[in-house]
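Peer 1: Predicted coordinates and the sequence they were generated for:
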Amino acid sequence: MTPPRKKSGSKGGVGGFGAKKSAPRSEGAPTPEWRKKKPKPKTPPNTNNRKGGTVEARDEGPMRVQRALARAGAVSRREADRAVAEGRVQINGVRAEIGQLVDPARDVVTLDGKRIATKVTEHRWIVLHKPAAVMTTRRDPAGRTTVFDLIDDVPGLVYVGRLDFMTEGVLLLTTDGTAAHALTHPSREVERTYVATVQGDAVTAAREARKGIELEDGLVTPVEVLAHSLGGRRWAFEITITEGRNHEVRRICETLGLQVERLVRTRFGPVRLGAMESGTARALTSTEREVLDALIGA
């Protein structure tokens with residue numbers, strides 16, 4: 001494991017968040033999205049496109065009846081398990097069994113005697129700029145704001161990879177559970193770029209990080225690491241990785257002796273944060289959709 005290092009003195013000039021002039025940079029070019037605003041403790045009302053957009057659904061063929069019900073938005077996956085176990089679900093007029101396969105394009109599925117449209121023709125996709133102090137979960141027992149409070153929720157909507165409570169940036173949500181699973185599976189190696197505002201010797205940390213960082217759950221080999229001076233002993237530590245372990249970037253920074261003040265995910269695969277305001281949402285662009293389809297293997 002790379003041992004922590006002591007903090008160094010100032011390496012840059014004036015500048016940083018809210019400054020009028022940019023400071024000299026030691027490496028790489030600045031990315032504008034992380035220079036915009038300081039994190040806000042509470043999310044402002046979101047009046048933008050909370051619905052995102054829709055894309056045509058792929059024919060996924062036969063699937064377990066519980067998944068077909070959840071995918072259709074009739075019930076949650078857990079509720080679907082319970083409904084099948086209680087004998088409330090029928091396939092072509094016959095009581096369904098747990099794990100039984102169903103073809104949404106051909107079979108008739110009923111729940112409590114009501115026919116369910118299991119053939120899904122489109123999926124919802126939402127690109128959200130998650131603010132700090134928002135939970136990436138559907139329900140929070142402590143009553144804190146969740147990402148689902150910021151969008152128009154629909155049945156079957158799930159997030160694609162979690163962002164920590166205080167981490168901001170790009171968060172995808174979709175009703176396509178298969179795509180969500182594929183995009184977060186380590187084998188797909190979907191790139192995520194984070195920009196951490198840090199204090200410490202970021203230049204040396206970036207140099208060390210390029211060799212690989214040994215964490216307690218294994219080695220991390222970043223795709224790219226850059227350090228931009230913000231002035232006042234503060235740096236923008238930009239790192240691109242291809243997996244999403246728990247608190248991974250924060251643990252990387254800690255291992256490298258960097259103190260994180262703010263963390264923003266500026267890119268997930270082809271989807272960039274760009275000029276999105278915190279707390280707002282949008283649909284996928286056609287280019288983003290094409291690249292995501294390629295990553296998923298559609």
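Peer 2: Structure's in. What do you need?

Peer 1: ok, Glu168 - contacts?
Peer 2: Contact analysis of Glu168 by CB atoms under 8 Å, 6 or more residues apart in numbering lists Pro39, His129, Lys130, Pro131, Ala132, Arg262, Leu263, Val264, Arg265, Ser278. Where C-beta positions appear, they are placed from N, C-alpha and C, glycine not excepted.

Peer 1: these two touch, right, the third one and Met166?
Peer 2: Think Lys130. No. In this structure Lys130 lies outside contact range of Met166 using CB atoms under 8 Å: 10.4 Å.

Peer 1: pretty sure Glu56 is touching Thr121, no?
Peer 2: Yes. With contacts counted by CB under 8 Å, Glu56 reaches Thr121, the gap being 7.1 Å.

Peer 1: And the strands in the stretch 51-200 of the chain?
Peer 2: 53-56, 63-64, 89-91, 94-95, 101-102, 109-111, 114-116, 122-130, 158-160, 168-174, 192-199 (DSSP state E, counting those that start in this stretch).

Peer 1: which stretches of the stretch 151-298 of the chain have low pLDDT?
Peer 2: Flagging of the stretch 151-298 of the chain using pLDDT under 70 yields the residue ranges 298.

Peer 1: hang on, isn't Val108 packed against Val89?
Peer 2: No. The criterion here is CB under 8 Å, and Val108 misses it with Val89 at 11.3 Å.

Peer 1: More neighbours: the two, which one.
Peer 2: Val89 (27 against 12; other CB atoms under 10 Å).

Peer 1: so Ala85 sits right up against Ala96, yeah?
Peer 2: No. Contact criterion CB under 8 Å: Ala85 and Ala96 do not qualify, at 9.7 Å.

Peer 1: So which residues of the stretch 151-298 of the chain form helices?
Peer 2: 177-184, 202-209, 248-255, 286-296 (DSSP state H, counting those that start in this stretch).

Peer 1: what are the ranges of the helices in the stretch 1-150 of the chain?
Peer 2: All helices of the stretch 1-150 of the chain, identified by DSSP H, counting those that start in this stretch, fall at 65-71, 77-85.

Peer 1: and of those, who's closest to Leu172?
Peer 2: Nearest of the helices of the stretch 1-150 of the chain to Leu172, taken as CB to CB: helix 65-71 at 17.5 Å.

Peer 1: List of residues touching the closest one?
Peer 2: Taking CB under 8 Å, 6+ apart as the rule, helix 65-71 contacts 63, 75-77, 79-81, 83-84, 89, 91, 96, 98-102, 104, 109, 111, 116, 118, 120, 156, 175, 177.

Peer 1: so how far is it from its chain's centroid?
Peer 2: When distances are taken as CA atoms, centre = their mean, to the nearest Å, helix 65-71 is centred 23 Å away from the chain's centroid.

Peer 1: can you check stretch 245-259 too?
Peer 2: With CA atoms, centre = their mean, you get 18 Å for stretch 245-259.

Peer 1: And stretch 127-138, by the same measure?
Peer 2: Computed by CA atoms, centre = their mean, the chain-centroid distance of stretch 127-138 equals 9 Å.

Peer 1: Equivalent analysis for stretch 92-109, please.
Peer 2: The mean C-alpha position of stretch 92-109 is separated from the chain mean by 33 Å, CA atoms, centre = their mean.

Peer 1: CA atoms only for that stretch - export them in CSV, please.
Peer 2: Output of stretch 92-109 as CSV, limited to C-alpha atoms (Å, rounded to 0.1, in the frame of the first residue of the first chain):
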residue,chain,number,x,y,z
ASN,A,92,-51.8,-18.0,-19.5
GLY,A,93,-54.5,-18.8,-16.9
VAL,A,94,-52.2,-21.1,-14.8
ARG,A,95,-50.8,-20.2,-11.4
ALA,A,96,-47.2,-19.0,-11.8
GLU,A,97,-44.3,-20.5,-9.9
ILE,A,98,-41.3,-18.7,-8.5
GLY,A,99,-38.7,-18.4,-11.2
GLN,A,100,-40.9,-19.5,-14.0
LEU,A,101,-40.0,-18.1,-17.4
VAL,A,102,-42.4,-15.9,-19.4
ASP,A,103,-42.2,-14.4,-22.8
PRO,A,104,-43.5,-10.8,-22.5
ALA,A,105,-44.2,-10.8,-26.2
ARG,A,106,-46.5,-13.9,-26.2
ASP,A,107,-47.6,-14.9,-22.7
VAL,A,108,-50.6,-13.4,-20.9
VAL,A,109,-49.7,-12.5,-17.3
